[in-house]
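Novice: Sequence and predicted structure below; questions after.
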Amino acid sequence: MEKARKDPDSMKARILSEARRVFGRYGYHGATTRIIAKEVGIDVSTLYYHWGEKSDLYEAVISDVTEDLRQQLRIVEKIIHGHPLRQRMAQAIELMTDYLFEHPEIPNLIFFRYFSQTRLEMELDARVPELFVDIARSMGLADDQGLVSVSTKMRVLAMTMANCNFVSGEDFFRSMLDLDRKEYIPLVKETLKFILIPAFAGQ
């Protein structure tokens with residue numbers, strides 16, 4: 001995993017990158033190692049040499065996606081730090097919405113992994129709950145000791161899932177609303193701001 005992240009041109013990294021896209025499109029059971037290998041342009045034996053079994057590659061994809069999301073949140077936190085809550089939220093919605101639309105496999109993989117039934121036994125990545133705590137702290141929603149209440153975590157979770165739903169459901173929503181992509185993404189941001197900023201920062 002470290003080798004793939006440090007050397008994005010390596011075969012290991014190329015396989016990981018394509019696996020993210022394929023697992024993000026088809027889920028664990030819909031994706032196959034043959035599909036991934038074909039997309040990379042390699043024999044499936046090369047894939048197994050670099051990543052082992054399909055489940056090993058999938059776990060690496062989840063870990064890679066989670067780490068990328070953590071890094072993006074750190075970038076956003078540096079940009080919004082110190083501003084009033086309304087401004088922080090508006091900027092965060094702009095930045096995170098753009099990021100997720102550029103990387104739709106991230107919300108797709110979250111939904112596939114945690115919200116769909118699967119025969120693959122999976123445990124919650126310990127870093128995932130921390131993400132919501134980090135978001136709450138960056139919004140100034142922690143108490144004086146830096147602790148975040150369960151109710152606050154739920155509200156942050158609802159905010160995050162709203163954004164992910166708009167990204168994962170893009171094809172369905174755009175078709176339903178008869179919008180092209182250039183119209184849809186700004187409206188997603190506008191809608192999220194309309195709902196979320198008053199909810200957290202008041203009118």
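Specialist: Cool, got the structure. Numbering: from 1, shown residues only.
Novice: How far off centre is stretch 39-52?
Specialist: Between the mean C-alpha point of stretch 39-52 and the mean C-alpha point of its chain there is a distance of 25 Å (Cα atoms, centre = their mean, to the nearest Å).
Novice: So for that stretch, mean pLDDT?
Specialist: Mean pLDDT, computed over stretch 39-52, is 96.
Novice: Can you name the next helix or strand after the lowest-mean-pLDDT helix or strand in the chain?
Specialist: Counting by mean pLDDT, DSSP states H and E, the weakest-scoring helix or strand in the chain turns out to be helix 127-138, with a mean of 76. Note on helix 127-138: by DSSP states H and E, the next helix or strand toward the C-terminus is helix 150-168.
Novice: so what secondary structure elements neighbour that next one?
Specialist: Helix 150-168 sits against helix 85-102, helix 105-115, helix 127-138, helix 181-201, with contacts defined as 3 or more Cβ pairs under 8 Å, 6 or more residues apart in numbering; DSSP states H and E. C-beta coordinates here come from the backbone N, C-alpha and C atoms, glycine included.
Novice: between the least confident helix or strand of the chain and helix 105-115, how many degrees?
Specialist: Inter-element angle recorded for helix 127-138 and helix 105-115: 120 degrees (by axes from the mean of the first three to the mean of the last three Cα atoms, to 10 degrees).
Novice: what's helix 127-138 packed up against?
Specialist: Using 3+ Cβ pairs under 8 Å, 6+ apart, the elements in contact with helix 127-138 are helix 54-80, helix 150-168.
Novice: Out of these, which gets nearest to I110?
Specialist: helix 150-168 (6.3 Å; Cβ to Cβ).
Novice: which residues are in contact with the closest one?
Specialist: By Cβ atoms under 8 Å, 6 or more residues apart in numbering, the residues outside helix 150-168 that reach it are 93, 96-97, 100-101, 104, 106-108, 110-111, 129, 132-133, 135-136, 139, 141-142, 148, 173, 188, 191-192, 195-196, 199-200.
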